[in-house]
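# take a look and give me a structure for this.
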Amino acid sequence: MARELGVSLGKTHYCLRALIDKGYVKAGNFRNSSTKRRYLYCLTPKGIAAKTRITRRFLNRKLLEHEALTLEIEQLQQEISELQVPVSESEQ
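As a prediction, this is how the structure comes out:
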C-alpha cells in the first residue's frame, strides 16, 4: 500500500492506525496466507458514513464552483456582445 501511495511505510502505518482507532477501517490478516504481512483493510459502516459525508461536501463545493463559472461566462459573453459594433454595409 505504501508503495502504491508513494509514501513511507511508517506514514502508511501511522495513517492506517489512526483510521482504525477512529473506527473507519477494520484490519484483519489472511489466516491461510503463507506470509503474515498480508492484511485486508475494510471500511466499517462508520467509515462509509464518513466517506459519504466527505464526498457530499466535495460535490457540493464543485457544484457551487460550476455555477459560479457558468455565471462568469454568461457575464463575459454579455460584455462582449455589448462591445461589438455592428459593421455597416458600406464598410464591408
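
# let me know whether Thr12 touches Gly6 as I believe.
No: Thr12 lies out of contact with Gly6 (CB atoms under 8 Å); the separation is 10.1 Å. (C-beta placed from N, C-alpha, C; glycine too.)

# those two - which one has more neighbours?
A side-by-side neighbour count of Thr12 and Gly6, using other CB atoms under 10 Å, places Thr12 first with 15 against 6.

# name the strands paired with the helix or strand bottoming out on mean pLDDT in the chain and say parallel or antiparallel.
One helix or strand of the chain scores below all others by mean pLDDT, DSSP states H and E: strand 39-43, with a mean of 74. Neighbouring strands of strand 39-43 in its sheet, by DSSP bridges, are strand 25-29 (antiparallel).

# any idea how far the partner strand is from the chain center?
24 Å (CA atoms, centre = their mean, to the nearest Å).

# list the buried residues of stretch 7-25.
16, 19, 24-25 (16 or more other CB atoms under 10 Å).

# of all pairs in those residues, which one spans the longest distance?
Distances among the buried residues of stretch 7-25 were taken as CB to CB; the most separated pair is Leu16 and Tyr24, at 10.0 Å.

# in this protein, which spans are helices?
Secondary structure of the chain (DSSP state H): helices located at 2-5, 9-22, 45-83.

# what is the neighbour count of Gly47?
Neighbours of Gly47 (other CB under 10 Å): 18.

# and what of Glu79?
Applying other CB under 10 Å, I find that Glu79 has 10 neighbouring residues.

# list the residues that contact Ala50.
Ala50 makes contact with Tyr24, according to CB atoms under 8 Å, 6 or more residues apart in numbering.

# where's Gln78 relative to Glu72, distance?
From Gln78 across to Glu72, the span is 11 Å (CB to CB, to the nearest Å).

# ok, Arg17 to Met1 distance?
As judged by CB to CB, Arg17 and Met1 stand 13 Å apart.

# out of the helices of the chain, which one sits most buried?
helix 9-22 (a mean of 13; mean count of other CB atoms under 10 Å).

# what about dumping the CA coordinates of that helix to CSV?
Taking Å, rounded to 0.1, in the frame of the first residue of the first chain, the C-alpha atoms of helix 9-22 are listed here in CSV:
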residue,chain,number,x,y,z
LEU,A,9,5.8,2.5,5.3
GLY,A,10,5.8,4.4,8.6
LYS,A,11,3.5,7.1,7.3
THR,A,12,1.2,4.5,5.9
HIS,A,13,1.1,2.6,9.2
TYR,A,14,0.5,5.8,11.2
CYS,A,15,-2.5,6.8,9.0
LEU,A,16,-4.0,3.4,8.9
ARG,A,17,-3.7,3.1,12.7
ALA,A,18,-5.5,6.5,13.0
LEU,A,19,-8.3,5.3,10.7
ILE,A,20,-8.6,2.0,12.7
ASP,A,21,-8.6,3.9,16.0
LYS,A,22,-11.4,6.2,14.8
